[in-house]
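Enquirer: got a sequence here, can you build the structure:
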Amino acid sequence: MSENNALSETLESVSPTSKENTKSENLTALLVEAIVSGEIASGSKISEPELARRYECSRGPLREAIMRLEGLGLIERIPHVGARVITLTPAKLVELYAVREALEGMAARLAARNIKQDELQGIEDLLTKHSKHIDEVEGASYFHQYGDFDFHYRVILASRNEKLINLLCGELYHLLRMYRYQSPKTQSRPNHALEEHKFILHAIRNRDEELAELAMRRHIAGSRKAIEQQILKD
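Expert: Numbers count the residues shown, from 1 in each chain. Model (predicted):
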């Protein structure tokens, strides 16, 4: 057998698996957005046949995607009930924000130490863009930004700490986005949040690690306290 033929056979043998993995990854991304946005409602039961019809996919990639969603904390399996979309209770949210406060504070400290000039400029440009458009968006939609359009996401990446990035940009990140979509618009304070973001960026730009961490922790603690106050009202 020639070398080329051997290589061709090898590629053919791995190609189906690679395609399945790609399908599963794409499907995972679609399902994440559907759950975060509420298109697939909190607490709803996961039906594989229904999802397979909706997304026109086979059961293999779908099951792999569901397993990934479990790993991200967006789906939970309940004994004698089955898989359901997670419901963010007030108690779970307080826990989530307490963890964020500590970890994102650390990320801001490390960002002040490790951020590059082009990243600083990118975040500054991002906040300028947010400032220009904040009056044009409706209610809490300012907080629906994600990925490169999310201030917190960029600060976390600038920390250069892979463990922090994996923790904060994985399970915690999507749970937070889910809460942002589902929280009442009356709880949103986009202008206040933007000013706090600018102050955090100022500390990071000045390489003031202590102030950057303190400012980020205070920023997130403010949201946690608002959730706790809402719990007391209820």
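Enquirer: residue 45 reaches residue 82, doesn't it?
Expert: Yes - counting by C-beta atoms under 8 Å, residue 82 is a contact partner of residue 45 at 6.1 Å. C-beta here means a position set from N, CA and C on the backbone, and glycine is covered the same way.
Enquirer: host element of residue 77?
Expert: strand 75-78 (DSSP states H and E).
Enquirer: just name the shakiest helix or strand of this protein by mean pLDDT.
Expert: Within the chain, no helix or strand scores below helix 3-37, which has a mean of 67 by mean pLDDT, DSSP states H and E.
Enquirer: nearest spatial neighbour of the residue most central in space within the chain, skipping sequence neighbours?
Expert: Nearest to the mean C-alpha position of the chain, counting by C-alpha atoms, centre = their mean, stands residue 173 at 2.7 Å. Sequence neighbours aside, residue 153 is the residue nearest to residue 173 in space, at 7.2 Å (criterion: C-beta to C-beta, 6 or more residues apart in numbering).
Enquirer: ok, that neighbour touching residue 165?
Expert: No - assessed by C-beta under 8 Å, residue 153 is found out of contact with residue 165, at 9.5 Å.
Enquirer: okay, now residue 78: neighbour count?
Expert: Number of residues near residue 78 (other C-beta atoms under 10 Å) recorded here: 9.
Enquirer: correction: residue 193
Expert: Count around residue 193 with other C-beta under 10 Å applied: 18.
Enquirer: mind listing the helices for the protein?
Expert: 3-37, 48-54, 59-71, 90-114, 117-133, 151-158, 162-168, 171-182, 190-205, 209-233 (DSSP state H).
Enquirer: return the distance of the last one from the chain's centre.
Expert: Going back to what we said before, that points to helix 209-233. Its chain's C-alpha centre and that of helix 209-233 lie 18 Å apart, by C-alpha atoms, centre = their mean, to the nearest Å.
Enquirer: got the CA coordinates for stretch 157-166 in CSV?
Expert: Extracted in CSV, the C-alpha atoms of stretch 157-166 (Å, rounded to 0.1, in the frame of the first residue of the first chain):
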residue,chain,number,x,y,z
LEU,A,157,-8.9,36.9,29.6
ALA,A,158,-6.3,39.6,30.4
SER,A,159,-5.5,37.9,33.7
ARG,A,160,-3.5,35.3,31.7
ASN,A,161,-4.5,32.7,34.4
GLU,A,162,-5.9,29.6,32.5
LYS,A,163,-7.5,28.2,35.6
LEU,A,164,-9.4,31.4,36.3
ILE,A,165,-10.4,31.7,32.7
ASN,A,166,-11.7,28.1,32.6
